[in-house]
Each structure stands twice: as C-alpha cells, then as structure tokens.
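Participant: What follows is a predicted structure for the sequence shown.
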Amino acid sequence: RRNACNALANLALKEEYIDKIISEGGLRRLMQIALKNTASSDEKFFAALAIARIARRSDGRVAMMESEANENENEPNQSILAALTKLAKPPPANVLRVCRKAVEALSLLVQE
C-alpha cells in the first residue's frame, strides 16, 4: 500500500494523470487508506501528498469533490473531506508531515 500511494503521489505531479487517478478509482483508494485505522504513517503521508497534489489544480479540486469517491450512500462519513479531516488531526494521531499535507489539501478545497 505504501508503494501504491507513493506511485499515485508521483503520478499526481503530472497534469495528464490527475483525471485518470480520479476516474479510475485511485482517489477512492487513497481516501480508503487515509480512513484506515491500521494504515502506517508512510501510507497516510503518501495518500495525503497525492490528494494535496491533485487539489493544487482547480479542475482537480472540482473533479475531486464531484467524483464517485464522495458518493457512498451506505457510508456517509467515507468522503474525501472526512479522510482529510482525519489525516489533519495533530500528533499523536498522525505525524506532523501527514497533518501538513492534509491541511494543505483542505485549504485548497475550501477555495472551490
């Protein structure tokens, strides 16, 4: 999972991959890892990093908020905002680098 999150974070550096990450379920997977209680600090960091990189682009933010990742009627607390809010909790819940990336992503999403 750590390597997959790292790979998605690296792909999110390229504009041409952001839409694919969202449309192919990568964002949903990042959100699931972020919400997982058993995720390691590295997994959480790379998930937050990938989400923050997607959120840097205006169209990425719009797509992120409109994506299927936020459309789970059975589990309303399973959204990108819930995932980022959980990741933004300060230590000891999360290491500081995770918090910083989650707060960065949240601040960018507020702009939309």
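Facilitator: Great, that's in hand.
Participant: Show me what the least confident helix or strand in the chain by mean pLDDT is packed against.
Facilitator: When each helix and strand of the chain is scored by mean pLDDT, DSSP states H and E, helix 58-66 comes last, with a mean of 85. Under the contact criterion of 3 or more C-beta pairs under 8 Å, 6 or more residues apart in numbering; DSSP states H and E, helix 58-66 touches helix 15-23, helix 41-55, helix 96-110. Any C-beta I mention is one placed from the backbone N, CA and C, and that applies to glycine too.
Participant: Nearest to the spatial middle of the chain, which residue is it?
Facilitator: What sits nearest the mean C-alpha location of the chain, by C-alpha atoms, centre = their mean, is I51, with 3.4 Å.
Participant: show me what contacts the closest residue to it other than its chain neighbours?
Facilitator: Distance criterion C-beta to C-beta, 6 or more residues apart in numbering; nearest residue to I51, sequence neighbours excluded, is A105 at 4.8 Å. By C-beta atoms under 8 Å, 6 or more residues apart in numbering, the contact set of A105 is 48, 51-52, 54-55, 84.
Participant: low pLDDT regions in this structure?
Facilitator: Low-confidence segments of the chain (pLDDT under 70): 67-77, 112.
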